[in-house]
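Asker: Coordinates for the following, if possible.
(chains A and B)
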Amino acid sequence: MLNFLQSAGQGGGGKKKVQFMENDTRLQINNISVVYSDVIQVLKGVSLTIKKGQVVSLLGSNGAGKTTTLKAISGLLKPENGKVTEGYIEYDGESIQNSSPEDITRKGIIQVLEGRQEFKYLTVEENLRVGTATRWGKPYQKDLGLVYNYFPALLARKKALAGYCSGGELQMLVIGRALMAHPQLLLLDEPSLGLAPLLVKEIFQIIKRINQEQEATLMVVEQNANMALQIAHYGYVMENGKIVLESEAAELRENPDVKEFYLGTAASGALKSYKDVKAYKRRKRWL
Amino acid sequence: MEFFLQLLVNGISLGFLYSLSALGFVMIFKSSSVLNLAHGELLAIGAFLFLAISTWAQLPIWLSFALTLVGTFLLGFIVERFFLRPLIGEDLIQVIMLTLGLGIMFKGLLLFVFGGDIHEYRTFLPEGLSLDLGIVRIPSVNVATFIIGILFLILFGFFFKYSSQGIYMRSVADNQSAALSLGVHVRRVFALSWAIAFIVAAMSGIVLGIINGINVHELSAIGLKVFPVVILGGLDSIGGAILGGIIIGLLETFTGGYISTSLREIIPYIVLIIILMVKPYGLFGLVEIERV
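Answerer: Below is the predicted model:
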């Protein structure tokens, strides 16, 4: 529970933390609150840190605020009428919570949206070319080669309309498309959504390779906690718009609570009753 | 036979004009889903700008042509920046109403400056441009229309198919939030589509002005013709706009030639209604791709 206490104390000690911030910090989110349409509060004081070169995974159940956290970083909240009302987001020491999505992407933060938002009426290769928007006018042939190297399946389909590609191909396509932008910080929203287990494994291996070979820092939002924690260095668990747990990924994998709720591998092996779950949550809040 | 060929030539060249004009309309619709009800006025603006530069200021033709292109391009940016950008994020119906208002405003301004009379360009098309094919003689205006039409259509075809900016524009039309997540400058795409729409509208406005004389009411009424053209071709298809334009042009001239001149003006709208009933996406419109 020590980790949890640390994270709870982080909000207040935020200012101090900036002083200690070393230059290996890529992204620093400090106690942000996000409100949609001026009334619906989704994030209630979220703080997290992403170090350069790390893979950080953000876990949590549906509606916990994971996607909103990503959108707060990438600036995509604004077109959806969402706003960061409190706290700040710093990228390489620069405040970005008020920047437009265009500016944020040009700093190297690229979000891969949930649910494979391909361009249906563009071919696979044209889809990849849209990824060059942040550096319009520069050569992109080498990057195309790189993406086809990671995802050979795309090369075979490069002339096909994306609307006719399979789910697996599309997931590769949207990750590849983001790679074309030379991301410094890649935000992946549920890359495993709706994919067969074998394909999930493959995608995660490639994500790991991207992290190692492209020196990209990654943040992965996932329901598939098992996979996410295998490739991550550090992990956060969200619930109801707050971070409730954070630690090294290896430690998080061994944490009995995470095992119970996200990995489904409780020590006893037997599922606890719903009553116990409620009790657990209550205990958690009082802490 | 002679009459038929003459009608064919006239129909195709009129069709090219409609295609060009519809291209601008489709451009705006494709990138931002806005039905531009001011389209006829864009034609008129281009035609009058060319009139002012070439006939009144007496600048050489090629220079006035270039200046009109640049001028309308800039005007497109300005209109987008000041009138349409503040409405980004509002309901579509409000934006469409705004274009209706813009059209009325443009028309009023043109009437104020140029009056409601018919103006004429000084003749500048060389007679040598006309083609004599033995049975039919194609007047130089029609030859010019062909050249301008084909040139612009090829240009835009390449622009959208191969250039990066063209692909960004299509990506915005396809999935705006995904385009935004990759850093596509969505507002720039909107501005560019208005600027291009202004240019192609000006082109067709100028040629129509050469053929019929330049009159505010007439030119802005022709803007309405883009509706049958784009409905026939498919609202979001560039190739469809081109073919739709040619089909409507041919229909008009043949109806006028063989049936009656009074039917000529309404035949496009009859086609519009039939197409809407049997093929609402148009001949080449995008049918929603749905993988099952």
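Asker: contacting residues around residue A:237?
Answerer: A:58, A:59, A:60, A:243, A:244, A:245, A:246, A:252, A:258, A:262 (C-beta atoms under 8 Å, 6 or more residues apart in numbering or on different chains). Every residue, glycine included, has its C-beta placed from N, CA and C.
Asker: For residue B:69, see how far away residue B:183 is.
Answerer: Separation of residue B:183 from residue B:69 (C-beta to C-beta, to the nearest Å): 30 Å.
Asker: With neighbour numbers in mind, choose between those two.
Answerer: residue B:183 (27 against 18; other C-beta atoms under 10 Å in any protein chain shown).
Asker: gap between the more buried one and residue B:263?
Answerer: Distance from residue B:183 to residue B:263, by C-beta to C-beta: 52 Å.
Asker: Could you do residue B:226 as well?
Answerer: 20 Å.
Asker: Among the two, which residue is more densely surrounded?
Answerer: residue B:226 (28 against 13).
Asker: re the thing from before, which one of the contacts of residue A:237 is nearest chain B?
Answerer: Closest to chain B out of the contacts of residue A:237 is residue A:58 (17.3 Å), distances taken as C-beta to the nearest C-beta.
Asker: Could you report the pLDDT at the closest one?
Answerer: With respect to pLDDT, residue A:58 scores 93.
Asker: Residue A:195 versus the residue of the stretch 151-287 of chain A found nearest chain B, what's the distance?
Answerer: Nearest residue of the stretch 151-287 of chain A to chain B (C-beta to the nearest C-beta) works out as residue A:163 at 3.5 Å. According to C-beta to C-beta, residue A:163 and residue A:195 sit 18 Å apart.
Asker: Equivalent analysis for residue B:53, please.
Answerer: The gap separating residue B:53 from residue A:195 is 60 Å, by C-beta to C-beta.
Asker: Check residue A:103 too.
Answerer: 32 Å.
Asker: Reduced to three states, what does the residue of the stretch 101-250 of chain A found nearest chain B come out as?
Answerer: Closest residue of the stretch 101-250 of chain A to chain B, C-beta to the nearest C-beta: residue A:105 (3.0 Å). Assigned by DSSP: H, G, I helix; E, B strand; the rest coil, the conformation of residue A:105 is helix.
Asker: Who are the contact partners of the nearest residue to it once chain neighbours are set aside?
Answerer: Closest residue in space to residue A:105, ignoring its immediate chain neighbours: residue B:183 at 3.0 Å, by C-beta to C-beta, 6 or more residues apart in numbering or on different chains. If you count contacts by C-beta under 8 Å, 6+ apart, residue B:183 has them with A:101, A:102, A:105, A:106, A:110, A:133, A:134, A:181.
Asker: what do you get if the cut-off is 7 Å, keeping everything else the same?
Answerer: Residue B:183 sits next to A:102, A:105, A:106, A:133, A:134, A:181 when contact means C-beta atoms under 7 Å, 6 or more residues apart in numbering or on different chains.
Asker: hmm, back to that, redo the contacts of residue A:237 as a markdown table? Include neighbour count, secondary structure and distance to chain B.
Answerer: Formatted as a markdown table, the contacts of residue A:237 follow (neighbours: other C-beta atoms under 10 Å in any protein chain shown; DSSP: H, G, I helix; E, B strand; the rest coil; distance: C-beta to the nearest C-beta, whole Å):
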| residue | neighbour count | secondary structure | distance to chain B |
| --- | --- | --- | --- |
| A:58 | 29 | strand | 17 |
| A:59 | 26 | strand | 22 |
| A:60 | 26 | strand | 21 |
| A:243 | 25 | strand | 24 |
| A:244 | 20 | strand | 28 |
| A:245 | 23 | strand | 28 |
| A:246 | 22 | strand | 26 |
| A:252 | 26 | helix | 28 |
| A:258 | 20 | helix | 29 |
| A:262 | 24 | helix | 27 |
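Asker: Looking at pLDDT only, which of the residues you listed scores worst?
Answerer: Within the contacts of residue A:237, lowest confidence goes to residue A:262 (71).
Asker: I figured it hits residue A:225, correct?
Answerer: Yes: using C-beta atoms under 7 Å, residue A:262 is in contact with residue A:225, at 3.7 Å.
Asker: List of residues touching stretch A:97-110?
Answerer: Under the criterion C-beta under 7 Å, 6+ apart, residues A:73-76, A:84, A:88-89, A:91, A:96, A:134, A:178, A:181-187, B:180, B:182-183, B:185 lie in contact with stretch A:97-110.
Asker: Filter those down to the ones in helices?
Answerer: Among the contacts of stretch A:97-110, DSSP state H puts A:73, A:74, A:178, B:180 in helices.
Asker: For the first one, give its distance to residue B:220.
Answerer: Using C-beta to C-beta, we find residue A:73 at a distance of 48 Å from residue B:220.
Asker: on that earlier part again, can you tell me how far the residue of the stretch 101-250 of chain A closest to chain B is from residue B:232?
Answerer: For residue A:105 relative to residue B:232 (C-beta to C-beta), the value is 39 Å.
Asker: Residues of chain B that sit close to chain A?
Answerer: B:164, B:167-168, B:170-171, B:174-175, B:177-185, B:286, B:289, B:291 (C-beta under 7 Å from any C-beta of the partner chain).
Asker: isn't there a strand covering residue A:195?
Answerer: No: Residue A:195: not assigned to a strand; according to three-state DSSP it is coil.
Asker: That one contacts residue A:170, correct?
Answerer: No: under the criterion of C-beta under 7 Å, residue A:195 makes no contact with residue A:170, lying 9.8 Å away.
Asker: Settle it for me: which of those two has more neighbours?
Answerer: residue A:170 (23 against 20).
Asker: and the closest residue to that one other than its chain neighbours, helix, strand or coil?
Answerer: Among residues not flanking residue A:170 along the chain, residue A:116 sits closest, at 4.3 Å (C-beta to C-beta, 6+ apart). At residue A:116 the chain is in coil, as set by three-state DSSP.
Asker: And the pLDDT at residue A:116?
Answerer: For residue A:116, the predicted pLDDT is 85.
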